[in-house]
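**Q** A structural model of the following input is requested.
(one chain, ligands or ions: 2)
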Amino acid sequence: MVIKIAPSILAADFTRLGEEVSLLEKGGADMVHIDVMDGHYVPNLSFGPMVVKAIRPLTNIPFDVHLMMDNPMEFVDEFIEAGADSITVHAEVLPHLHRSLTYIKNKGIQAAVALNPSTPLCVLDYVLQDVDMILLMSVNPGFGGQEFIPGMLQKISELKERLFKANSNAIIQVDGGISLKNIRQVTEAGADCLVAGSSVFSTSDPAAMIRLLRDAGSK
Ligand code: DX5
Ligand code: ZN
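**A** Ligands and ions are numbered 1, 2, ... in the order given. Down below sits the predicted model:
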């Protein structure tokens, strides 16, 4: 199986963001992962819809917008207008998760749900048919460049099993601390799509690193 690579522009050089996005295109990235942080849900701030809109004309690669926000639903429409192809919301902040995911899907884009490392999988039990993608955080969200939490391998396998049993087509995305060293283990556990921030942008050749990661993680 060929896995998908979603480089996170959180680790890009912001003084040349446009060129960095073009490099992702050159490297054949499957999605551009855009980490939106609000300073409440996570202890950091990043970018909003204006930045998404500014880089949208630079590539046709789908934009995968990960909303680390207390009030994501207040911004979904703006991110769609700015060019999001998929929107990921965190289960921890949404009491009406089914309603939120249905809202996003009804807008004609892909809907995804994210879980922090300590959030149990059972919160997804009744939405497995309503999501296109499930993002398992493999670090505590808020910062790039953190270490992968090893206990998440078990969580990925358990989710794979649950999706199989529920006959769900949702793909599993894993986000945080992915590198050439661990990508194979993570995909063997069941991940289909890997977010990679620092491992892509800290190299001198991000385009080549995307291909290396995909090869290393594909079976
Ligand atoms: C963390 C973000 C991640 C992060 C990944 O809050 O959701 O997408 O940028 O960065 P690395 O690959 O450096 O862990
Ligand atoms: Zn992310």
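
**Q** measure residue 51 to residue 10 for me?
**A** 11 Å (CB to CB, to the nearest Å). Using the backbone N, CA and C atoms, a C-beta is placed for each residue, glycine as well.

**Q** quick check: which element contains residue 7?
**A** Element membership of residue 7 [criterion: DSSP states H and E] is strand 4-7.

**Q** got the buried residues for the helix or strand following that strand?
**A** Of the helices and strands lying after strand 4-7 in sequence (DSSP H and E), the nearest is helix 17-26. For helix 17-26, a neighbour-count test (16 or more other CB atoms under 10 Å) marks 17, 20-21, 23-24 as buried.

**Q** do helix 17-26 and ligand 1 meet at all?
**A** No - under the criterion of CB under 6 Å from any ligand atom, helix 17-26 makes no contact with ligand 1; the nearest approach is 13.6 Å.

**Q** tell me what that helix is packed against?
**A** Where contact means 3 or more CB pairs under 8 Å, 6 or more residues apart in numbering; DSSP states H and E, helix 17-26 is packed against helix 49-55, helix 206-217.

**Q** which one of those helices lies nearest to ligand 2?
**A** Set against ligand 2 and scored by CB to the ion, those come closest in helix 49-55, at 13.9 Å.

**Q** which parts of this protein sit against ligand 1?
**A** 8, 10-11, 33, 35, 66, 139, 141-146, 175-178, 195-199.

**Q** go with 5 Å
**A** Residues of the chain lying near ligand 1 by CB under 5 Å from any ligand atom: 8, 10, 35, 141, 144-145, 175-177, 195, 197-198.

**Q** now flag whichever of these is closest to residue 125.
**A** residue 175 (21.4 Å; CB to CB).

**Q** can you pull the contacts of the residue nearest to that closest one when sequence neighbours are not counted?
**A** Once flanking residues are discounted, residue 175 sits nearest to residue 195: 3.9 Å by CB to CB, 6 or more residues apart in numbering. By CB atoms under 8 Å, 6 or more residues apart in numbering, the contact list for residue 195 reads 6-8, 33, 66, 135, 173-176, 178.
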